[in-house]
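Here is a sequence with its predicted model. Questions after.
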Amino acid sequence: MRKSRLLIVEDDFDISNMLRIYFTGQGYEVDTAPCGGDALDKTRHNLPHLIVLDIMLPDVDGFEVCRILRTNTRTSHIPIIFLTQRDERSDKLQGLELGADDYITKPFDIDELKLRVQRAISRAEQQSLTDPRSGLPSGRLIEEQLRRIIRTQDWALMDIRINHFESFKEVYSFVAADDVMRFSAMLISEVVDAVGTPNDFIGHAGGDNFIVITSQESALPIRQRLKARFDEEVLSQYNFMDRNQGYLVAVATSATRGPNGESQSAGSNLHTPLMTLSIGVVSPAEYEFADIREITEMAAEARRKSS
């Protein structure tokens, strides 16, 4: 079972700690933030699947935090549940108008909050808003971004794929593979934050495939830094023996070809390289696009040529 990530934004330590302990016991990964500034920083660096957000915070109020998240391309899709002592009708309407998904007043029933959290996360996944492993935008949200950029200039689409991911999953298990998904999502976010802008879009197109929409100027620096950091940091996902020898040993389940084209019979040991990234980049400076399908197809072709 994949763990969904929650961010609890609450300045009352007793409530925050109680929610952290409870939802951790329910199988969630839980982080907490005592103020709005911390919440925005943590959301940007490690996208949660859902945010439980208090309105009365010591720096900026929850309404402003919600507004900032909803107007940022990177975070606009994250479900938000307001949790507050304020039960005025005008406050509820303001929260919902800002794009909050739900609103619960204190004191609250913890089981009711759990059900609302489950429902909001499930709804986002069913609507193809987020990928359940990475928490990144997927499906419909990626398509919306592609339809937006095709009408503009000065953008670049980066098609990113993890090479040899399936071999890693076969040897290390799907649990370890999910860890690689989360690691990759965080790494891409960190690099885009450092080299691009906060409004650059990061999506998870499915499987081992990610996309980044950035400016033409930022695309090459992002590509170079991302490949270099991935090559170095992905080694932490392997055990010492595999890191040291520089490849995995898997058992071929059927007649196949090795990484160098050599014939491999079923049952033989198959040497597979460690994971790397292939990144293709396309932009309107180089191509003319008639529709979003052409953007994705040409980006995928550029990625295959970069391998």
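That came through fine.

can you tell me which residues contact the nearest residue to Q85 once chain neighbours are set aside?
Nearest in space to Q85, with sequence neighbours left out and distances taken as C-beta to C-beta, 6 or more residues apart in numbering, is K106 at 4.7 Å. All C-beta spots, glycine's among them, are computed from the backbone N, C-alpha and C. Counting by C-beta atoms under 8 Å, 6 or more residues apart in numbering, K106 touches I15, L83, T84, Q85.

show me where the protein has helices.
13-25, 36-45, 62-71, 89-97, 110-126, 139-149, 165-172, 174-195, 216-233, 240-245, 292-306 (DSSP state H).

contacting residues around the first one?
In other words, helix 13-25. In contact with helix 13-25 (C-beta under 8 Å, 6+ apart) are residues L6, I8, E10, V30, T32, P34, V52, K106, I110, K114, V117.

what about the nearest residue to R243 once chain neighbours are set aside, neighbour count?
Once flanking residues are discounted, R243 sits nearest to L235: 5.1 Å by C-beta to C-beta, 6+ apart. Using other C-beta atoms under 10 Å, the number of residues around L235 comes to 15.

For the closest residue in space to N163 that isn't next to it in sequence, give its distance to R229.
Nearest residue to N163 in three dimensions, chain neighbours excluded: T276, at 4.8 Å (C-beta to C-beta, 6+ apart). According to C-beta to C-beta, to the nearest Å, T276 and R229 sit 12 Å apart.

go on, I213?
20 Å.

Look at the two and report which has more neighbours.
Per other C-beta under 10 Å, whichever of I213 and R229 has more neighbours is I213, with 23 against 16.

For M158, which of the helices of the chain is the nearest?
Distance to M158, taken as C-beta to C-beta, is lowest for helix 216-233 among these, at 6.1 Å.

Please name the residues that touch the closest residue to F201 other than its chain neighbours.
Once flanking residues are discounted, F201 sits nearest to I213: 4.1 Å by C-beta to C-beta, 6+ apart. Applying C-beta under 8 Å, 6+ apart to I213 gives the contacts Q145, I149, W155, A156, L157, M158, D200, F201, G203.

what do you get for G36?
So, once contact is read as C-beta under 8 Å, 6+ apart, G36 ends up touching V9, L57, D59, V60, D61, G62, E64, V65.

which one of the contacts of K106 sits closest to A177?
L83 (33.8 Å).

Surely the closest one touches P107?
No. At 10.6 Å, L83 and P107 do not qualify as touching, with contact defined as C-beta atoms under 8 Å.

Compare neighbour counts for those two and give me the winner.
More crowded of L83 and P107, by other C-beta under 10 Å: L83, with 23 against 8.

Check the gap between the more buried one and E10 for me.
7 Å.

Common neighbours of the two, please.
Counting by C-beta under 8 Å, 6+ apart, the residues touching both L83 and E10 are V52, D54.

How many neighbouring residues does H45 have?
So H45, with other C-beta under 10 Å, has 11 neighbours.

give me phi/psi at the residue most central in space within the chain?
Geometric centre of the chain, nearest residue: L136, 2.9 Å, by C-alpha atoms, centre = their mean. The phi/psi pair for L136 (degrees, to the nearest 10) reads phi -80, psi 160.

check contacts around the closest residue to it other than its chain neighbours.
Counting by C-beta to C-beta, 6+ apart, L136 lies nearest to H204, which is 4.0 Å off, once chain neighbours are set aside. Counting by C-beta under 8 Å, 6+ apart, H204 touches D131, R133, S134, L136, P137, S138, M181, A185, F210.

Among these, which pair sits farthest apart?
Longest span within the contacts of H204, C-beta to C-beta: P137 and M181, 14.1 Å.

Name the residue in those two with the higher neighbour count.
Counted by other C-beta under 10 Å, P137 and M181 do not tie: P137 has more neighbours, with 28 against 22.

ok, that one touching Q127?
No. At 11.2 Å, P137 does not count as touching Q127 under the criterion of C-beta under 8 Å.

Could you list the domains of this protein?
According to automatic domain parsing, the chain comprises the domains 5-126, 139-238+274-306.

Distance from the longest one to the middle of the chain?
Pointing back at domain 139-238+274-306 there. 11 Å (C-alpha atoms, centre = their mean, to the nearest Å).

for the shortest one, same thing?
The gap between where domain 5-126 is centred and where its chain is centred comes out at 18 Å by C-alpha atoms, centre = their mean.
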